[in-house]
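**Q** All I have is the shape, not the residue letters:
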């Protein structure tokens, strides 16, 4: 269960990266989850921010995220009848303004729901993205 939670956090971060130009961390997170609802996991994997990495390192990290999504998250999401809706519950932006946490409620097709927190970061272009940066 803890691994699934971490996977959802990672997935959330990926989704947020795909929404360049979003004005708030919450907007970016919502756009990432919309990609998940649409089943566009490749786009989700491209949303994550890994820090200042080379293009090759970023491509490798994105491939790893996509693989994790397909092997772990997708089967769990499908078991629950698919991801149907995401509701942003709140966001907390760090004092430096460069990172944030977004809390979301995920609603599944079978009627279950869960909450998750997504780590967000501002990339070099000023876009909020899910963060895999440590």
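**A** Nice, I can see it. From a predicted model like this one, the values you see are computed outputs, not experimental measurements.
**Q** show me where the chain has strands.
**A** Shown for the chain, the strands assigned by DSSP state E span residues 83-93, 99-108, 113-122, 128-130.
**Q** now the ones you listed in a markdown table, with mean neighbour count?
**A** Heads up, the C-betas are built off the backbone N, CA and C, glycines and all. Formatted as a markdown table, those follow (neighbours: other C-beta atoms under 10 Å):
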| stretch | mean neighbour count |
| --- | --- |
| strand 83-93 | 16 |
| strand 99-108 | 19 |
| strand 113-122 | 20 |
| strand 128-130 | 31 |
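**Q** Quick one: closest of those strands to residue 48.
**A** Closest to residue 48 of these, according to C-beta to C-beta: strand 128-130, at 5.1 Å.
**Q** for that closest one, packing partners?
**A** For strand 128-130, the contact count by 3 or more C-beta pairs under 8 Å, 6 or more residues apart in numbering; DSSP states H and E identifies helix 2-17, helix 25-37, strand 113-122 as packing neighbours.
**Q** Bridged to the nearest residue to residue 92 once chain neighbours are set aside, which residues?
**A** Counting by C-beta to C-beta, 6 or more residues apart in numbering, residue 101 is the residue found nearest to residue 92 once chain neighbours are left out, at 5.0 Å. Taking DSSP bridges as the rule, residue 101 bridges to residue 92, residue 119.
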